[in-house]
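[1] Sequence plus the predicted model coming up.
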Amino acid sequence: MSEMACRTCKRVFRVPRRGSDVCPVCKTRTLTDNWNGLVVIFNPESSILAEKIGAKEPGRYAINVGR
Ligand SMILES: [Zn+2]
């Protein structure tokens, strides 16, 4: 099992295998395993952290996503 983060929306996903690199949320092919700082957002409206990373919906996000 590997977890990948999307460089576009910063969501973190479990992907079954390498190669399936399409983000289920924004549909871009920008997933990377070069990320760190997992954060779970429950209430984006009232979270400073969510605002900082640009999270608009509840979910799991990466704080730092590499290029
Ligand atoms: Zn995405």
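    Ah, there it is. Numbering: from 1, shown residues only.

[2] show me the residues around Arg11 that make contact.
    5, 23, 25-26, 59-62 (C-beta atoms under 8 Å, 6 or more residues apart in numbering). The C-beta positions use only the backbone N, C-alpha and C, and glycine is treated the same way.

[3] okay, which residue is most central for this structure?
    For the chain, the residue nearest the mean C-alpha position is Arg11 (1.6 Å; C-alpha atoms, centre = their mean).

[4] any idea how far that residue lies from the ion?
    To the ion, Arg11 is 5 Å away according to C-beta to the ion, to the nearest Å.

[5] Name the residues linked to that residue by a beta bridge.
    As for beta bridges, Arg11 partners with Tyr61 under DSSP bridges.

[6] picking that back up, out of the contacts of Arg11, who's the most crowded?
    When neighbours are counted by other C-beta atoms under 10 Å, Ala5 leads the contacts of Arg11 with 27 neighbours.

[7] Do the one helix or strand it maps to and the ion come into contact?
    Ala5 is part of strand 2-6 when elements are defined by DSSP states H and E. Yes - under the criterion of C-beta under 5 Å from the ion, strand 2-6 makes contact with the ion via Cys6.

[8] for that strand, packing partners?
    In terms of contacts (3 or more C-beta pairs under 8 Å, 6 or more residues apart in numbering; DSSP states H and E), strand 2-6 is packed against strand 12-15, strand 31-32, strand 35-41, strand 59-65.

[9] what sits against the closest residue to Arg14 other than its chain neighbours?
    Once flanking residues are discounted, Arg14 sits nearest to Glu3: 5.5 Å by C-beta to C-beta, 6 or more residues apart in numbering. Glu3 makes contact with 12-15, 33, 38, according to C-beta under 8 Å, 6+ apart.
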